[in-house]
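1. need coordinates for the below:
(one chain, ligands or ions: 1)
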Amino acid sequence: MHILLLKSSRGREKKIMMGTEFSLIEGREKPVSRSDYDIFVIGGGPAGSTAAYLLAGFGHRVALLEKQKYPRHKVCGGCLSQKSVKFLDRVFSLPVPDLRQEDLIDFVGTTYALYIEGTRALAGDLAEPFYFTRRERYDAYLARRAGEAGADIYEDVEVVAVDRAGRTITTSEGDRCSAPIIIGADGIHSRVRRSLPGHIVDRKRWQENLGLALEVAIPREEVQALAEEGGSIRLDGDLAAPHLFLTACRWGYGWVFPNRDAIVVGLGGLIRKNGKGFRDRFGEFLKTLGLSAFTDRRPMASPLSFGNYIPTPACGGTLLVGDAGGFASPILGEGIFYAHRTAELAAHAVHRHITTGAPLAETYTRLLQHRLIPELRAEVTLRDLIHGCLDARMRIPIEVLMNRTGARVIDAVQGSRSFLGFRKDDSLHTAVW
Ligand SMILES: Cc1cc2nc3c(=O)[nH]c(=O)nc-3n(C[C@H](O)[C@H](O)[C@H](O)COP(=O)(O)OP(=O)(O)OC[C@H]3O[C@@H](n4cnc5c(N)ncnc54)[C@H](O)[C@@H]3O)c2cc1C
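-> So this is what the prediction gives:
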């Protein structure tokens, strides 16, 4: 049996036996029926932990069910833009020095390079850095914080069925438990999403905007020893800058992200635009970078949200957050911030619903419409413009656009400008109340 011993920020000691119906709270063994909860959060990535952390902090009874055990691997480049960094500071009281102290920052990227068809189109210093984290540490830490805030964390418990109308879930242990509210934070393959009706999840739109990503982490010493001169692109010698390659695949991009001990090479693009042969394309990408020695490494593959967000991801007592609802940057597939932010909006909607009777699905949908969807919509427009031009081999307008707006595009990615006209805007960072 797996036992998690947590010391809460309030000094309370709490022992949770994962996968059982019991928890030991303040030294008293007390059976807890899983049906005693106000909210089930399904999935313990950044979205689930944020929702559980906030809702427990508001005083609600929350159970988070995660099918794996922490620390668990998640295929991800681990890039934290300033949007995420500001969120962690504002919501989890985790400023950068604390992120460092908790060993949640693996690398800091202070420069960048952007390539279009083998040409370095933009490069330079970043006004504010991109940080890189290791998801196994990041996600385990945030789940621990949710537990410390008062949520019950059940690891190694998979939800195998969701009865949305009956507000009941069935776990891998065969338990059937009910709660008035179910938050689907169960990632891109979400079972909770599949329980929602067709008028909520437009499956055609979802598929059309779904990406596929392949990624491999190569230890730095191997890169240094085995990289050869034959590639058409030379990576910076110190491998310290995040590199993006806009035409490495269609309607997507390739990336090389620096970590402390490795570089992460990835390729992600819309499935419908790339068709079959994505794996071969990844091999080609490695060769372009002079990394053909690594083409026999098996990359990790995962679907990637690329503009397939669901505008009204709620029905009755069920809400979707993070990847489960397709929330990620439509240009870059960056999803950690959107997981955090949608979970924050969902937590506030749930709190309003429980305390004031405000209609749950409508409140969440309205918060999304006011605080996130316009940005995502603007980003889809820019995505379509960029890749439409690249498809038509109109490289020059894109280079002009990049040169004229480069710094502002980076600000928009970092979250200090809006993708709507690149005006200064910090609405992604504002508190919900
Ligand atoms: C190759 C790749 C690279 C990426 N790089 C970046 C990047 O550099 N920066 C960035 O910001 N984003 C990146 N992303 C996107 C980012 O990884 C996701 O957007 C983010 O992890 C979404 O968080 P989440 O909490 O919604 O889902 P997840 O992190 O996927 O968490 C979902 C959790 O739910 C659990 N779960 C699933 N089903 C069940 C079930 N039935 N019962 C119980 N538990 C369940 C899973 O085990 C998992 O722990 C990348 C994605 C890919 C594929």
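2. of all residues in the stretch 101-250 of the chain, which one is closest to the ligand?
-> residue 187 (3.0 Å; Cβ to the nearest ligand atom). C-beta: built from backbone N, CA, C; applies to glycine.
3. what's the burial count for that residue?
-> 25 (other Cβ atoms under 10 Å).
4. what's the helix or strand for it?
-> Following DSSP states H and E, one finds residue 187 outside all helices and strands.
5. residues contacting it?
-> 43, 45, 322-324 (Cβ atoms under 8 Å, 6 or more residues apart in numbering).
6. skip the chain neighbours and tell me the closest residue to the residue in the chain that the ligand sits nearest to.
-> The ligand sits closest to residue 335 of the chain, with a gap of 1.8 Å, by Cβ to the nearest ligand atom. Distance criterion Cβ to Cβ, 6 or more residues apart in numbering; nearest residue to residue 335, sequence neighbours excluded, is residue 328 at 3.5 Å.
7. which residues does that neighbour contact?
-> So residue 328 contacts 304-306, 309, 334-335, 338 (Cβ under 8 Å, 6+ apart).
8. from those residues, which land in helices?
-> residue 338 (DSSP state H).
9. include distance to residue 368, pLDDT and neighbour count when you put the contacts of residue 328 into TSV, please.
-> Output for the contacts of residue 328, formatted as TSV (distance: Cβ to Cβ, whole Å; pLDDT from 0 to 100; neighbours: other Cβ atoms under 10 Å):
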residue	distance to residue 368	pLDDT	neighbour count
304	20	96	27
305	15	95	28
306	18	95	29
309	9	98	27
334	18	97	20
335	15	98	25
338	11	98	27
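10. distance to residue 177 added to the contacts of residue 328, as a markdown table?
-> Below are the contacts of residue 328 laid out as a markdown table (distance: Cβ to Cβ, whole Å):
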| residue | distance to residue 177 |
| --- | --- |
| 304 | 32 |
| 305 | 29 |
| 306 | 34 |
| 309 | 29 |
| 334 | 34 |
| 335 | 28 |
| 338 | 28 |
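11. quick one: which of the contacts of residue 328 sit in strands?
-> Among the contacts of residue 328, DSSP state E puts 304-305 in strands.
12. tell me the contacts of the closest residue to residue 375 other than its chain neighbours?
-> The shortest distance from residue 375 to any residue other than its chain neighbours is 5.7 Å, reached at residue 419 (Cβ to Cβ, 6+ apart). When contacts are counted by Cβ under 8 Å, 6+ apart, residue 419 touches 375, 378-379, 382, 412.
13. mind running it again at 10 Å?
-> 329-331, 374-383, 408-409, 412-413, 425 (Cβ atoms under 10 Å, 6 or more residues apart in numbering).
14. tell me the SS of residue 104?
-> coil (DSSP: H, G, I helix; E, B strand; the rest coil).
15. I figured it was touching residue 46, is that so?
-> No. Using Cβ atoms under 10 Å, residue 104 makes no contact with residue 46, being 11.7 Å away.
16. tell me which residues of stretch 372-391 come out buried.
-> 372-373, 375-376, 378-380, 382-383, 386-387, 389-390 (16 or more other Cβ atoms under 10 Å).
17. report the buried residues of the strand or helix carrying residue 350.
-> In the assignment (DSSP H and E), residue 350 maps to helix 336-356. Judged by neighbour count (16+ other Cβ under 10 Å), helix 336-356 contains these buried residues: 336-354.
18. how about residue 212, secondary structure?
-> Residue 212 ends up strand, using three-state DSSP.
19. what's opposite it in the beta bridge?
-> On the basis of DSSP bridges, residue 212 is bridged to residue 269, residue 303.
20. tell me the confidence at it?
-> Per-residue pLDDT puts residue 212 at 97.
21. kindly report the same for residue 120.
-> 89.
22. quick one: contacts for residue 393?
-> Each residue near residue 393 by Cβ under 10 Å, 6+ apart is listed here: residue 117.
23. just the pLDDT at it, thanks.
-> Looking at residue 393, its pLDDT reads 85.
24. confirm it sits in a strand?
-> No. Applying three-state DSSP, one finds residue 393 to be coil, outside a strand.
25. measure it to residue 116 for me?
-> Residue 393 sits 11 Å away from residue 116, going by Cβ to Cβ, to the nearest Å.
26. tell me the strands beside the strand ranked longest in the chain, with direction?
-> The longest strand of the chain (DSSP E) is strand 119-132. Paired strands of strand 119-132, with direction, are strand 79-80 (antiparallel), strand 107-116 (antiparallel) (DSSP bridges).
27. among those strands, show me which one is buried the most.
-> Highest mean neighbour count among the strands paired with strand 119-132 (mean count of other Cβ atoms under 10 Å): strand 79-80, with a mean of 22.
28. list the neighbours of that strand that are in contact with it.
-> The contact list for strand 79-80 (Cβ under 10 Å, 6+ apart) reads 87-88, 99, 104-107, 109, 129-133, 138, 242, 255, 257-258, 264, 332, 334, 336-337, 413.
29. can you rerun that using 7 Å?
-> With contact meaning Cβ atoms under 7 Å, 6 or more residues apart in numbering, strand 79-80 is reached by 130-133, 242, 257, 334, 336.
30. quick one: name whatever helix or strand follows the worst-scoring helix or strand of the chain on mean pLDDT.
-> Scoring the helices and strands of the chain by mean pLDDT, DSSP states H and E places strand 28-31 at the bottom, with a mean of 32. Downstream of strand 28-31, the first helix or strand assigned by DSSP H and E is strand 39-42.
31. and that next one, what does it pack against?
-> helix 46-57, strand 62-65, strand 181-184 (3 or more Cβ pairs under 7 Å, 6 or more residues apart in numbering; DSSP states H and E).
32. out of these, which is closest to residue 154?
-> Proximity to residue 154 (Cβ to Cβ) singles out strand 62-65 among the helices and strands packed on strand 39-42, at 4.9 Å.
33. near the ligand, anything from the closest one?
-> Yes. Using Cβ under 6 Å from any ligand atom, strand 62-65 reaches the ligand at residue 65.
34. make residue 1 into 34 and carry on from there
-> Got it, first residue is 34 now, which makes that one strand 95-98.
35. other SSEs contacting that strand?
-> Using 3+ Cβ pairs under 7 Å, 6+ apart, the elements in contact with strand 95-98 are strand 72-75, helix 79-90, strand 185-187.
36. measure the nearest residue to residue 451 once chain neighbours are set aside to residue 364 for me?
-> Using Cβ to Cβ, 6+ apart and skipping the chain neighbours, the partner closest in space to residue 451 is residue 458 (3.9 Å). Going from residue 458 to residue 364 by Cβ to Cβ gives 17 Å.
37. the more surrounded of those two?
-> Between residue 458 and residue 364, residue 364 has the larger neighbour count (other Cβ under 10 Å), namely 22 against 18.
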